[in-house]
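S.K.: This is the structure alone, sequence omitted:
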């Protein structure tokens with residue numbers, strides 16, 4: 001498992017130097033053999049678990065810095081993976097204060113380097129990718145790390161729960177990436193952000209912002225957009241595939257996972273990809289195995305079919321590691337043991353998924369595309385055909401769709417139609433819900449400094465703003481890395497440039513993607529519009545674990561803090577099936593948050609803020 005810890009301090013301060021040396025001694029005394037990959041006055045970086053080809057350490061000139069993770073050159077033909085930086089390239093990254101990383105490379109990485117002249121330390125997180133960067137202060141030393149449970153220095157750090165964050169996380173189901181975390185003393189470096197540290201002060205600057213791509217060089221021709229989408233996706237999948245010898249690929253049989261698997265087939269030997277499909281036996285409508293088999297028949301890959309069972313204990317929630325924020329580990333709890341066994345059996349070092357495709361290719365946003373078109377182009381005759389596409393996707397009438405689109409185009413707050421879609425959890429007290437609405441932690445930080453974006457693009461940006469992890473929350477040391485090729489930086493930038501009515505071309509959900517990959521993906525997948533049904537599965541899982549869940553949540557910290565309404569919780573635990581899937585998911589998420597609080601309480605997390 002690849003991980004890192006970095007110490008940054010003012011070398012002019014004797015006290016800070018002494019603190020840094022104390023922390024370095026703690027790092028040396030841990031069981032893991034941490035390797036020092038950078039050692040400068042004021043900056044020391046440790047890493048462990050380097051995996052050549054996928055999780056690397058790239059050195060900058062004269063020992064001034066390192067880039068941790070995976071880098072690809074930005075060029076026509078992204079597939080030159082396993083990159084080795086030349087001295088000239090490394091000097092260019094350092095001389096540009098890291099901007100070259102954003103503009104000339106892509107991948108998943110965290111860069112840490114120091115100016116030889118001013119001594120300023122810079123920390124940059126890639127605009128996309130699963131390698132996280134979290135931070136805390138110990139004395140006058142700023143500590144950066146890949147994950148809270150990866151950082152042994154946190155064991156001696158007193159911490160307190162961030163109740164506002166936890167309330168917002170419960171309210172909406174999952175928060176987008178924010179600088180705040182569930183622990184007051186831990187912050188997150190945002191994707192595309194640069195932190196500059198000098199004399200104990202921190203300045204933050206967004207090196208990469210989606211607004212730039214939404215507003216510049218739009219691709220308004222569907223044929224050009226489809227061609228660019230196919231080419232860029234091919235190259236991103238090829239680049240990531242070249243980092244690993246053998247791969248597992250999650251294949252639901254839906255459009256996004258099928259695109260990834262079919263493009264892997266174009267760039268792989270047939271023996272190096274094994275597909276995995278989970279059958280949800282509680283889905284009364286859709287058996288997705290037929291679609292998965294269609295894809296593997298076409299690609300020649302092996303297919304492992306597994307059944308998703310609700311007959312297992314959620315007691316493993318109590319083994320949750322000390323993460324910076326609660327996780328939603330349901331799929332991992334259900335499947336991690338089987339995926340670990342498969343990765344060992346086939347010697348797979350990566351798990352490829354189609355995660356992020358819904359957001360990238362613009363699913364469930366048909367109500368915004370007419371407003372987006374009118375806001376960008378004005379009220380032209382083509383607005384009628386755009387409204388017709390929107391009406392086809394939503395199965396609504398044309399004229400109401402057009403009228404709503406025109407009204408939405410001139411709304412003074414483009415975020416308002418999206419925020420109105422948020423239904424906060426019924427489990428929250430009215431006071432907690434009011435606080436969540438006031439603080440709006442569920443809105444990504446992108447909108448703090450952006451100009452006016454069309455509403456559909458706001459919806460897309462929000463969907464692309466959720467954090468992802470290189471490993472599962474419960475990962476073992478030799479577990480495979482997760483790879484999400486559809487969230488690669490070049491693909492995000494491209495799809496942000498494509499207007500929403502082009503992404504929905506032909507009056508089809510993810511219409512451009514269906515057109516772009518017509519030569520790659522079986523026709524039955526391209527024409528599929530349904531998704532699997534999971535409501536009954538979550539209800540059965542909750543019912544099977546109800547005594548344990550009640551013991552965890554009914555007298556838990558969130559009830560005592562008046563974040564969760566005890567009376568509503570009691571009614572919800574009666575498992576009235578008429579309340580639907582949200583009922584079960586909210587309860588299981590609440591249990592996960594209580595388990596997370598218990599994990600931290602064993603590490604000096606205080607019971608109250």
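M.R.: Right, received. Where do you want to start? As the structure is a computational prediction, the values presented were derived from the model and not from experiment.
S.K.: so where do the strands sit in the stretch 101-250 of the chain?
M.R.: Here the stretch 101-250 of the chain has its strands, by DSSP state E, counting those that start in this stretch, at 105-114, 121-125, 134-138, 141-145, 187-188, 193-198, 201-206, 247-250.
S.K.: What is the first one packed up against?
M.R.: In terms of contact count using 3 or more C-beta pairs under 8 Å, 6 or more residues apart in numbering; DSSP states H and E, strand 105-114 is assigned the packing partners strand 3-8, strand 43-48, strand 65-73, helix 87-95, strand 121-125, helix 489-497. For the C-beta atoms, the positions are set from N, CA and C on the backbone; glycine is no exception.
S.K.: With mean neighbour count, distance to residue 540 and mean pLDDT added, can I get these in a markdown table?
M.R.: Below are the helices and strands packed on strand 105-114 laid out as a markdown table (neighbours: other C-beta atoms under 10 Å; distance: least, C-beta to C-beta, whole Å; pLDDT from 0 to 100):
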| stretch | mean neighbour count | distance to residue 540 | mean pLDDT |
| --- | --- | --- | --- |
| strand 3-8 | 25 | 36 | 98 |
| strand 43-48 | 22 | 40 | 97 |
| strand 65-73 | 25 | 39 | 94 |
| helix 87-95 | 16 | 52 | 87 |
| strand 121-125 | 25 | 39 | 97 |
| helix 489-497 | 22 | 36 | 97 |
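S.K.: Which of those sits closest to residue 295?
M.R.: Evaluated with C-beta to C-beta, the helices and strands packed on strand 105-114 place helix 489-497 nearest to residue 295, the distance being 20.3 Å.
S.K.: could you check the angle strand 105-114 makes with the closest one?
M.R.: Inter-element angle recorded for helix 489-497 and strand 105-114: 110 degrees (by axes from the mean of the first three to the mean of the last three C-alpha atoms, to 10 degrees).
S.K.: Could you identify the helix or strand that succeeds helix 489-497?
M.R.: helix 500-503 (DSSP states H and E).
S.K.: Ok, which of the strands of the stretch 101-250 of the chain comes nearest residue 492?
M.R.: That would be strand 105-114 among the strands of the stretch 101-250 of the chain, by C-beta to C-beta, at 9.6 Å.
S.K.: Tell me which strands that closest one pairs with, and in which orientation.
M.R.: Sheet pairing for strand 105-114, assigned by DSSP bridges, gives strand 65-73 (antiparallel), strand 121-125 (antiparallel).
S.K.: Show me the one of those strands that comes nearest residue 107.
M.R.: Nearest of these to residue 107, taken as C-beta to C-beta: strand 65-73 at 4.3 Å.
S.K.: Measure how buried the residue nearest to residue 103 when sequence neighbours are not counted is and give me the count.
M.R.: For residue 103, ignoring the flanking residues on the chain, the nearest one in space by C-beta to C-beta, 6 or more residues apart in numbering is residue 74 at 7.4 Å. Residue 74 has 17 neighbouring residues, counting by other C-beta atoms under 10 Å.
S.K.: quick one: residue 74 from residue 558, how far?
M.R.: Per C-beta to C-beta, to the nearest Å, residue 74 is found 45 Å from residue 558.
S.K.: What of residue 32?
M.R.: Relative to residue 558, residue 32 is positioned 34 Å away (C-beta to C-beta).
S.K.: Could you pull up the residues touching residue 310?
M.R.: Counting by C-beta atoms under 8 Å, 6 or more residues apart in numbering, residue 310 makes contact with 282, 537, 540, 541, 544.
S.K.: What subset of these is buried?
M.R.: Listed as buried from the contacts of residue 310 are 282, 537, 540, 541, 544; burial here means 16 or more other C-beta atoms under 10 Å.
S.K.: Tell me which of those residues has the lowest pLDDT.
M.R.: On pLDDT alone, residue 282 ranks lowest of those, at 80.
S.K.: returning to what we had before: show me the residues around the residue nearest to residue 103 that make contact.
M.R.: 103, 104, 105, 106, 490.
S.K.: now, among those, which is nearest to residue 207?
M.R.: residue 103 (8.9 Å).
S.K.: other SSEs contacting the helix or strand harbouring residue 568?
M.R.: Under the criterion of DSSP H and E, residue 568 resides in helix 566-572. Helices and strands touching helix 566-572, by 3+ C-beta pairs under 8 Å, 6+ apart, are helix 581-601.
S.K.: Are there helices or strands packed against the helix it packs on, and which ones?
M.R.: Checked by 3+ C-beta pairs under 8 Å, 6+ apart, helix 581-601 has helix 163-172, helix 535-544, helix 546-553, helix 557-560, helix 566-572 packed alongside it.
S.K.: Show me how far the second one is from its chain's centre.
M.R.: Looking back up the chat, that one is helix 535-544. 26 Å (C-alpha atoms, centre = their mean, to the nearest Å).
S.K.: avg pLDDT for stretch 106-116?
M.R.: The average pLDDT within stretch 106-116 is 94.
S.K.: if you skip the residues just before and after it, what's nearest to residue 302?
M.R.: residue 274 (5.0 Å).
S.K.: Kindly apply the preceding question to residue 30 instead.
M.R.: Spatial nearest neighbour of residue 30, excluding adjacent residues (C-beta to C-beta, 6+ apart): residue 152 at 4.6 Å.
S.K.: So residue 422 belongs to a strand, correct?
M.R.: No: assignment of residue 422 by DSSP: H, G, I helix; E, B strand; the rest coil gives coil, placing it outside any strand.
S.K.: Just confirm it contacts residue 172, I think it does.
M.R.: Yes: using C-beta atoms under 8 Å, residue 422 makes contact with residue 172 at a distance of 5.9 Å.
S.K.: Quick check: neighbours shared by these two?
M.R.: Joint contacts of residue 422 and residue 172 (C-beta under 8 Å, 6+ apart) are residue 442.
S.K.: what's the burial count for the closest residue to residue 196 other than its chain neighbours?
M.R.: Nearest non-adjacent residue to residue 196, counting by C-beta to C-beta, 6+ apart: residue 203, 4.6 Å away. Number of residues near residue 203 (other C-beta under 10 Å) recorded here: 11.
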